[in-house]
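S.K.: fold the following.
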Amino acid sequence: MNSILSSSAFSRRRFFQRLGGGFGAVALEGMLRQEAQAMSRAPVDPLAPFGPRVPDFLPRAKSVIFLFMVGGPSPVDTFDYKPALRKLHGQPLPDSIRKSLDAGKYANVTHGCKNELLGSPYGWKQHGQSGMWVSDLFPHLAEQVDELCFIHSMQSDSNNHAPSSYQLHTGDIRAGKASLGSWTTYGLGTLNQDLPGYVVLYDAGPLGGAANYSNGFLPAAYQATRLRDQGTPVMDLLPPEEFAPGQRDSLDLLRTLNLEHRRSRAGLTELDARIASYELAWRMQSAALEAGGLEKEPEGVRRDYGLEHQDERTRNFGRKCLLARRLVERGVRFVQVYDMPDKDGWDAHAQLTENHTPRARWTDQPAAALVKDLKQSGLLDETLVVWAGEFGRTPLMQGDSGRNHNSAGFTIWMAGGGVKAGRRIGMTDEVGYEAVERPIPVHDLHATILHALGLDHSTLFFDSNGRQERLTGVAGQAAVVPEVFA
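M.R.: Numbers count the residues shown, from 1 in each chain. You can find the predicted model right below:
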C-alpha cells in the first residue's frame, strides 16, 4: 500500500479521489435503480386517476381500514400491562427512567406532570391462546387478541396533538404533506371505479383538521372523500327530481367544454380532478347509496357492531366500522375511521376514568366486531386493520388523576393483511414511559403498511418543486418492520 501511494501514478490525493468516486458510483447506482423502479410504474391517467395499478411485489393486503383514536389513549390503561406501575402508585418516577428520558429527545414528556406515578385503575387479565394482557376497558377486543399484533414501542416526534397527528397521517409533523390514504391510492388506484379510492368517516373530525387526510402535493384527485354513516352517504349526491332525466346530457356537455378548456392547460391537476370528480359523482349515485345501505345487513351483524346499543355514541362508531367493511368489500382501497364524537377525544389530562371508560365503551364492541366480521367473511386475509392514536399518555399523574401526552413510547395494534397474529413487538420500560426494546418510528410503521400493500416505500415518490417527496421521508431513512409479518 505504501509503495502504491508513493508512486507517481498514485498520489495520496488521487487515491482518495478514486476511492470517493467508487463510493459515489455505488450511491449513483442505487439512486438510478430506485428511479428506474419508480418509472416502471404505469403512468397515471389524470382523467381516470383511480384505475388499478400493478404493485411492486405480491401484496399481502388489498385494502386498509385505519381506526384512529383521536386524543391519545393511554397504553398503560389499555393494552400495555405494567404491574410495576401499580406497585409504585403514588411514588416518584425512578431516577433511572428519568435520567434515560432527560438524556434523549423525550426529556419534555415529564413536563406538566406531578412527580407521582399513577397506577392503572383498571383490572387486567390475559386472554386467548396468545395470553395477551388486556385491561377491563376492552372486553370485546379481548376476545379477538389472537388476531391482533401489538406494537408496544411506537415513538413520534411531537408531544402536541396536531403535529403528532399529522405525523401519524402524513409522515411529517408539519401540515401540508400528503396522507397515507392519498399515497396508497396514488400508488395502487382502487378496485371499484364507482366509489372513491380514499374515504374518511367522522363526526367531529381529527385534531388538526383536514390536513390530516389531505392529498398535499399529490394531484387533487387523491384527496379523501368524506362519507356519512347515516342518511345519504354524500350530501347533495342526488339531483332534484325535475333535473334527473337530463343529468347525463348535462354532464356530457360539461365534460366536452371542460376538455376543450383543458387543452391549453396541461398539468393543471385541480382541473383534471374536477373533470374526473363529475364522472365519479355520477357513478356514485347508485354505488354509494348501495354501499351505505346498512339496514340491509342481517340483524345479527348489526347487533354485533353495536347498532342496537343503548349508547348513541356506540351506535355511531358501530355504523362507521360496518360501513368501512362494506366499502373495502366493494373495492375501496383506504378507509380512515375517526372515533372523535366531541372536542376532547382520549385527552385525559384529568379524571382518567371519566374520560377513558366511556370512550372505550363507544369503540370496543364495534372495533372487535369489525375484526371478527372480516375474519368470518374471509376479508381479513386481504384487509389490513390498524388501531392507533397520535401518541400515548404518561404514567406520571397530571392534575386530578389524569395523564399528560407521551410520544416516547405508545401502543398500536394491527390485524389481517398478512400480519402475524397473536404477537407482541417491542417494549416500554417498567412503568410504560419510554420504548426500550425495538423502538419504532412512524416512518417505519408507514413503510410496513405500504409493504403489506405491495408497495416499496423507497420508490414511491412524487416530484414536487424539484424534490422527491415520500411518505417515509428521505430515501434510506425508513425500514419495514419484518416482525410484523414473520
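
S.K.: would you map the strands across the stretch 1-150 of the chain?
M.R.: 63-68, 124-127, 132-135, 148-155 (DSSP state E, counting those that start in this stretch).

S.K.: deepest-packed of the ones you listed, please.
M.R.: Highest mean neighbour count among the strands of the stretch 1-150 of the chain (mean count of other C-beta atoms under 10 Å): strand 63-68, with a mean of 26. Where you see a C-beta, it was placed from the backbone N, CA and C, and this is true even at glycine.

S.K.: now what about it, what contacts it?
M.R.: Residues outside strand 63-68 that contact it (C-beta atoms under 8 Å, 6 or more residues apart in numbering) are 168, 180-181, 184, 206, 321, 324-325, 328, 331-339, 363, 367, 370, 382-389, 417, 449, 453.

S.K.: restricted to strands, list these.
M.R.: For those, the ones inside strands are 334-338, 383-388, with DSSP state E as the criterion.

S.K.: Throw the strands of the stretch 1-150 of the chain into TSV and include distance to residue 434, thanks.
M.R.: TSV is the format used below for these (distance: least, C-beta to C-beta, whole Å):
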stretch	distance to residue 434
strand 63-68	23
strand 124-127	21
strand 132-135	19
strand 148-155	8
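
S.K.: for the ones you listed, which one sits closest to residue 141?
M.R.: strand 132-135 (6.6 Å; C-beta to C-beta).

S.K.: which helices and strands does that closest one pack with?
M.R.: strand 124-127, helix 139-142 (3 or more C-beta pairs under 8 Å, 6 or more residues apart in numbering; DSSP states H and E).

S.K.: and the first one, what does it pack onto?
M.R.: The one in question is strand 124-127. Strand 124-127 packs on strand 132-135, going by 3+ C-beta pairs under 8 Å, 6+ apart.

S.K.: domain parsing of the chain, as residue ranges.
M.R.: 2-36, 46-233+292-484 (automatic domain parsing).

S.K.: roughly how far out does the longest one sit from the chain middle?
M.R.: In other words, domain 46-233+292-484. In terms of C-alpha atoms, centre = their mean, to the nearest Å, the centre of domain 46-233+292-484 is found 6 Å from the chain centre.

S.K.: could you pull up the mean pLDDT of it?
M.R.: Regarding domain 46-233+292-484, the rounded mean pLDDT is 96.

S.K.: what do you get for the first one?
M.R.: Average pLDDT, domain 2-36: 48.

S.K.: could you say which helix or strand contains the nearest residue to residue 56 once chain neighbours are set aside?
M.R.: Leaving aside its sequence neighbours, residue 56 sits nearest to residue 456 (C-beta to C-beta, 6 or more residues apart in numbering; 4.4 Å). In this assignment (DSSP states H and E), residue 456 forms part of neither any helix nor any strand.

S.K.: is it true that residue 456 touches residue 470?
M.R.: No: contact criterion C-beta atoms under 8 Å: residue 456 and residue 470 do not qualify, at 10.5 Å.

S.K.: and those two? Which one has more around it.
M.R.: Taking other C-beta atoms under 10 Å, residue 456 and residue 470 do not tie; residue 470 has more neighbours (24 against 17).

S.K.: circling back: any chance of the ones in strands among the contacts of strand 63-68 in a markdown table, with neighbour count too?
M.R.: Converted to a markdown table, the ones in strands among the contacts of strand 63-68 look like this (neighbours: other C-beta atoms under 10 Å):
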| residue | neighbour count |
| --- | --- |
| 334 | 29 |
| 335 | 28 |
| 336 | 25 |
| 337 | 25 |
| 338 | 23 |
| 383 | 25 |
| 384 | 26 |
| 385 | 29 |
| 386 | 24 |
| 387 | 26 |
| 388 | 21 |
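
S.K.: okay if I get these as JSON lines plus distance to residue 259?
M.R.: Converted to JSON lines, those look like this (distance: C-beta to C-beta, whole Å):
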{"residue": "334", "distance to residue 259": "29"}
{"residue": "335", "distance to residue 259": "32"}
{"residue": "336", "distance to residue 259": "32"}
{"residue": "337", "distance to residue 259": "36"}
{"residue": "338", "distance to residue 259": "37"}
{"residue": "383", "distance to residue 259": "37"}
{"residue": "384", "distance to residue 259": "37"}
{"residue": "385", "distance to residue 259": "40"}
{"residue": "386", "distance to residue 259": "39"}
{"residue": "387", "distance to residue 259": "44"}
{"residue": "388", "distance to residue 259": "42"}
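
S.K.: residues touching residue 413, list them.
M.R.: Contacts of residue 413 by C-beta under 8 Å, 6+ apart are 79, 148-151, 386-388.
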